[in-house]
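> Have a look; sequence and predicted model below, questions after that.
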Amino acid sequence: NAGVMQNPRHLVRRRGQEARLRCSPMKGHSHVYWYRQLPEEGLKFMVYLQKENIIDESGMPKERFSAEFPKEGPSILRIQQVVRGDSAAYFCASSPLASREVGYTFGSGTRLTVV
Amino acid sequence: GNSVTQMEGPVTLSEEAFLTINCTYTATGYPSLFWYVQYPGEGLQLLLKATKADDKGSNKGFEATYRKETTSFHLEKGSVQVSDSAVYFCALTGRDDKIIFGKGTRLHILP
């Protein structure tokens, strides 16, 4: 029973390029969360999605960032026209239901470096 | 809004020492409380949780008790090992089901 799978593990992009980060939740999980971790800091909530729906995107920057979780396939976090400040580790978590008592399963993250 | 405050690190201890990492929270209602651990280069792993007042979460020798009167969820372990070296995050989920994390505490255990 595979856990939350994120790919790629490491991603290098030049300023102005696009970054696409993928997250496949655990089997049977229909809730996906994306978090960003800056060096030596905690994780900041970005967006919460269910299949085909964005439930809460209050942590997403208004420009250049978007997320989707289609009916088929992984969840995608997309960053357009990347800048140096986007360099961070991006973690995806999934849960089987919207239960605050469950605790979420996290992937190993994608470490984005913008050069 | 909801928030979590945990002691700043790094914390350096000798093997077999007693560990406490303090965590306090601010939340409306009755949040669920968690400790996550992050080993170098990896994602977060759920270490333990407590979902109501006076519950004690425990795992791998670590314990934390949900104290509503002091809004705290301090992490303790009686005898740490070198393999416990990691970053520890206190977290809560409230009514909106989002996890709110503390900034993390880096723990170094010396042999």
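Cool, the structure landed.

> How many residues are close by the residue in chain B positioned nearest to chain A?
Nearest to chain A in chain B, going by C-beta to the nearest C-beta, is residue B:93, at a distance of 3.8 Å. C-betas here are computed from N, CA, C, even on glycine. By other C-beta atoms under 10 Å in any protein chain shown, the residues close to residue B:93 number 25.

> List the buried residues of the helix or strand of chain B with the lowest mean pLDDT.
Every helix and strand of chain B was ranked by mean pLDDT, DSSP states H and E. The lowest is strand B:99-101, at a mean of 89. Buried residues in strand B:99-101, defined by neighbour count with 16 or more other C-beta atoms under 10 Å in any protein chain shown: B:99, B:100, B:101.

> Pull out whichever of those residues are also neighbours of chain A.
The subset of the buried residues of strand B:99-101 within reach of chain A, by C-beta under 8 Å from any C-beta of the partner chain, is B:99, B:100, B:101.

> Once you drop chain neighbours, what's closest to the second one?
Spelled out, it's residue B:100. Excluding the flanking residues, the one nearest residue B:100 by C-beta to C-beta, 6 or more residues apart in numbering or on different chains is residue B:2, at 4.9 Å.

> contacting residues around the one you found?
Contact analysis of residue B:2 by C-beta atoms under 8 Å, 6 or more residues apart in numbering or on different chains lists B:25, B:26, B:27, B:28, B:31, B:92, B:94, B:100.

> switch to 10 Å and redo it
B:25-29, B:31, B:92-96, B:98-100 (C-beta atoms under 10 Å, 6 or more residues apart in numbering or on different chains).

> Quick check: pLDDT value at it.
The score at residue B:2 is 88. That number is its pLDDT.

> Ok, residue B:56 next?
97.
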